[in-house]
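Student: please work out how this folds:
(2 chains)
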2 protein chains.
Amino acid sequence: MNAPTHPDHLLPQLKLRDVPQALIEALKARFADRCSTALVVREQHGRDESSFAAPPPAAVVFAESTADVADAVRLAAQYAVPVIPFGVGTSLEGHLLAVQGGISVDVSRMNKVLSINAEDLTVTVQPGVTRKQLNEEVKSTGLFFPIDPGADATLGGMSATRASGTNAVRYGTMRENVLALEIVTAAGDVIRTGTRAKKSSAGYDLTRLMVGSEGTLGVITEVTVKLYPLPEAISAAICSFPSIEAAVRTTIQIIQLGVPIARVELIDSNTVRMVNAHSKLGLREEPMLLMEFHGSPGSVKEQAETVQEIAADLGGNAFEWASTPEERTRLWTARHNAYFAAIQSRPGCRAISTDTCVPISRLADCLLDSVSEADASGIPYFLVGHVGDGNFHFGYLIDPDKPEEREVAEGLNHKLVNRALSLEGTCTGEHGIGLHKMDFLVSETGGGAVDMMRTIKRALDPQNIMNPGKIFRL
Amino acid sequence: MNAPTHPDHLLPQLKLRDVPQALIEALKARFADRCSTALVVREQHGRDESSFAAPPPAAVVFAESTADVADAVRLAAQYAVPVIPFGVGTSLEGHLLAVQGGISVDVSRMNKVLSINAEDLTVTVQPGVTRKQLNEEVKSTGLFFPIDPGADATLGGMSATRASGTNAVRYGTMRENVLALEIVTAAGDVIRTGTRAKKSSAGYDLTRLMVGSEGTLGVITEVTVKLYPLPEAISAAICSFPSIEAAVRTTIQIIQLGVPIARVELIDSNTVRMVNAHSKLGLREEPMLLMEFHGSPGSVKEQAETVQEIAADLGGNAFEWASTPEERTRLWTARHNAYFAAIQSRPGCRAISTDTCVPISRLADCLLDSVSEADASGIPYFLVGHVGDGNFHFGYLIDPDKPEEREVAEGLNHKLVNRALSLEGTCTGEHGIGLHKMDFLVSETGGGAVDMMRTIKRALDPQNIMNPGKIFRL
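Tutor: As a prediction, this is how the structure comes out:
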């Protein structure tokens, strides 16, 4: 780990700013051994799950409290040095890379669940709490936190990228589930947005301005989210289809009928093959929907019957049910490991992941043409999707030593994004803009909206020190 | 209608700015008879359902297109003159008052449903479309728009105040239901926020920054919202309780159990009496929950059984069911007319309406003490509430000729808000800050958050012409 992990893709955005030695000394004075300049630590904090590379940050501060974060930001602000918040490093679009230099503020030690308000279905946590940890800690209350982006990300990071995942079709995304935040601003001040009330019309919705701002407007130091009663009954099923189209059309009908399905995931036959190899499953190697139903026993039964009818009409094969928690866990683990299964299927490869999301009626139009293009390209790929939300991911598995493969993959992604935008969709359903989709953002929203974002950024962070170089060029 | 409607409460916030004759002439040149300076028109546009008064705007422009709005704003910006968007005038906190002078831009003629995308459960409308009109126009698709603030408000106005109402407990508020907006900025530019995709991580959430911004950041000229399949089965019921406490505790249990109830409204015995008199109903004059269940027949039955059990345990009297659409409409009309019924119960009175919202577990604590205080004050009042969300409204019925009554009512509201804030709630669940709750906003969020709002406002509207004098003092 002595070099950036992904040296294959150096960034044009690199504009390193100076980090004065005086700042490093001030940080060491304030944080002692919780400020590290060791190369291995810096490098660990200078990358994420994306395929980009940049020099690591000049120092890493391990914050243990809001006051720590505020002091680190205040010191950095004194020297106009960039600050990059870091959770557990699972972001996918280069959010954590120090493309303009600066310091990383690691909040993973701020991992306390601060207050569980079971009777209000809310919980307040420090930003370093991960979703699995949270679910472990609230288990005894009979409640759970549904947002599930696959990776065991932190609540701070999930808020910052407006994450979602498999349960979003039923429970919404971080946008709908964050009630309140504590934020350290670019000046190092601490503010609170929102309350524990379920709704409010009290002024600008700063909570939702911060959710999805990718660390560019402040550091999240506390998160209050909604919890949900564990469903009385849960049932999971898989269903294979003769074609992706049949699986997608089934999904569209499920959503249009208003079935409150909790999860409906598409896995293409490539992915099934990879997952079978990786997780030792014997799934039928055909396009597949992986579904989950939550509710009362009666409601789960009703939902499942409706869905089975729709699937049968469209050529879906007999459902296979997984009703025990163990069977369900095995299926979902396989789903969540799809990425790693895919990577293993082509040793040494990297995955370039797409993230378009379109209105549900456009899903087939968007997906099927893109599948044809991917098939024609000759690049191996996998395809998984939160199709109930119109969101899916191609992972193009490229050989990093072959720049022409990257070029082909980027070309496929370009076509896909343009198609999604022409179908009134978005270039990113849940991964964020980061370093890679700035131009897509302009195509999607128009220059005026991006200018408005820039204006807000400049006003709230006049020195441009909060995770600079992400979302848009300033 | 030759004088401001509510001359009883002149505003300390008045800071009239000059509206140059040159602007009026430019507007007349551009809009001809769609720019009115007639006193009666101006006065109609210089008030809302609040009890505040201010001199009317200098002119009213009747916009028929986004281009009209953009031109009006651009002209106003040239002269640094305030612009106040106007829908149908149902806001409750003085949002529409020209407290700094300026012009009113009436968008009520922009009342076209632009595109119904039934298969995606979305619809795009001009801002002057009202919620009832919208539901009429989408009826044939088998879909409906659930947000129901009582008044037949416009979608533009509902977006601007982040409205909600009776169905929010199940379907969320405008915060959760607006997908995308078109906005005319303070510079007169037209931008788009959001897409028709159900979710997105594409940059700052400008949609939700605009939702609830009360016209202070731009004029909403197009709104895309979610629709929902009309429930297969709908059932409404009323249940009387021996005390407000019993009704509230029933509500708390319903929510904590996760029953997906569509509506659960509290009506106190005062209100029942007023509604009986006004709507010629024979409801038992006791505290009452008015409920509605949506879903499949099986699910509705299940929900109703659960709720009946809870209510019975807490002393609720036998349910009365209203299963025909006519009966339901009669009940909900009575609920929506509660405000007018109350006003009629004390001829010549005005209602001062409160709007606190607290976490559900705090509802009894917040409500019961406030009821005692209201009872002790001697001021007649009514009490209704979207209690499933922890949101309720006292309406203190004051004699406008008796300033001491206003003072007592304001004192009651003050105590109530402070109580709600101490219980981690908000001063406004759905009405907005407007003119009246600026100090409450500071108490609720802290000065730092309000400073951040001000910074955003100054950046996006440097001349402070977009509905100035609302939400915070600049």
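
Student: going forward, measure contacts and count neighbours with C-alpha atoms only.
Tutor: OK.

Student: so the residue in the stretch 51-200 of chain A that chain B sits nearest to: helix, strand or coil?
Tutor: In the stretch 51-200 of chain A, the residue that lies nearest chain B is residue A:200 (4.1 Å; Cα to the nearest Cα). Reducing the assignment at residue A:200 to three states with DSSP: H, G, I helix; E, B strand; the rest coil gives coil.

Student: how many neighbours does it have?
Tutor: When counting by other Cα atoms under 10 Å in any protein chain shown, one arrives at 31 neighbours for residue A:200.

Student: how about the residue nearest to it when sequence neighbours are not counted, secondary structure?
Tutor: Leaving aside its chain neighbours, residue A:200 sits nearest to residue B:429 (4.1 Å; criterion: Cα to Cα, 6 or more residues apart in numbering or on different chains). When classified by three-state DSSP, residue B:429 comes out as coil.

Student: again, but for residue A:321
Tutor: Residue A:321 ends up strand, using three-state DSSP.

Student: mind listing what it touches?
Tutor: Applying Cα atoms under 8 Å, 6 or more residues apart in numbering or on different chains, we find residue A:321 in contact with A:235, A:236, A:237, A:238.

Student: pull up the gap between it and chain B, please.
Tutor: According to Cα to the nearest Cα, to the nearest Å, residue A:321 and chain B sit 22 Å apart.

Student: which strand residues bridge that residue?
Tutor: According to DSSP bridges, the partner residues bridging residue A:321 are residue A:237.

Student: one step back: so which of the contacts of residue A:321 is the most crowded?
Tutor: Result: residue A:236 is most packed of those (other Cα under 10 Å), 26 neighbours.

Student: quick one: pLDDT of that residue?
Tutor: With respect to pLDDT, residue A:236 scores 94.

Student: same check on residue A:5?
Tutor: Here the pLDDT value assigned to residue A:5 is 40.

Student: picking up where we left off before, what values do phi and psi take at the residue nearest to residue A:200?
Tutor: phi -80, psi -30 (degrees, to the nearest 10).

Student: got it, and residue A:205?
Tutor: Main-chain dihedrals, residue A:205, degrees, to the nearest 10: phi -80, psi 70.

Student: that one and chain B, how far apart?
Tutor: Counting by Cα to the nearest Cα, the separation of residue A:205 from chain B is 6 Å.

Student: burial of that residue, as a residue count?
Tutor: Neighbour count for residue A:205, taken as other Cα under 10 Å: 25.

Student: got the contact list for the residue of the stretch 51-200 of chain A closest to chain B?
Tutor: Contacts of residue A:200 (Cα under 8 Å, 6+ apart): A:194, B:162, B:357, B:426, B:427, B:428, B:429, B:430.

Student: quick one, phi psi at it?
Tutor: Note on residue A:200: backbone dihedrals following degrees, to the nearest 10 are phi -160, psi 150.

Student: over to the one 4 residues further on?
Tutor: Main-chain dihedrals, residue A:204, degrees, to the nearest 10: phi -60, psi 150.

Student: helix, strand or coil: sort out the nearest residue to it once chain neighbours are set aside for me.
Tutor: Leaving aside its sequence neighbours, residue A:204 sits nearest to residue B:213 (Cα to Cα, 6+ apart; 5.5 Å). Secondary structure assignment for residue B:213 (three-state DSSP): coil.

Student: count of residues packed around residue B:213?
Tutor: Counted with other Cα under 10 Å, residues neighbouring residue B:213 total 28.

Student: what sits against it?
Tutor: Listed by Cα under 8 Å, 6+ apart, the contact set of residue B:213 reads A:203, A:204, A:205, B:160, B:161.

Student: the fourth one contacts residue B:218, correct?
Tutor: Translated: residue B:160. No: assessed by Cα atoms under 8 Å, residue B:160 is found out of contact with residue B:218, at 9.6 Å.

Student: so what sits against both of those two?
Tutor: Residues touching both residue B:160 and residue B:218 by Cα under 8 Å, 6+ apart: residue B:210.

Student: can you tell me which of the contacts of residue A:200 comes closest to residue A:152?
Tutor: residue A:194 (25.5 Å; Cα to Cα).

Student: which phi and psi does that closest one have?
Tutor: The phi/psi pair for residue A:194 (degrees, to the nearest 10) is phi 80, psi 170.

Student: if we can go back for a sec, most neighbours, which of the contacts of residue A:200?
Tutor: Ranked by neighbour count (other Cα under 10 Å), these have residue B:357 at the top, with 35 neighbours.

Student: if I look at that one, how far off is residue B:368?
Tutor: Using Cα to Cα, to the nearest Å, we find residue B:357 at a distance of 14 Å from residue B:368.

Student: nearest to residue A:374 among the contacts of residue A:200?
Tutor: Minimum distance to residue A:374 across the contacts of residue A:200 is 42.8 Å, recorded for residue B:162 (Cα to Cα).

Student: and the pLDDT for that closest one?
Tutor: At residue B:162, the model reports a pLDDT of 98.
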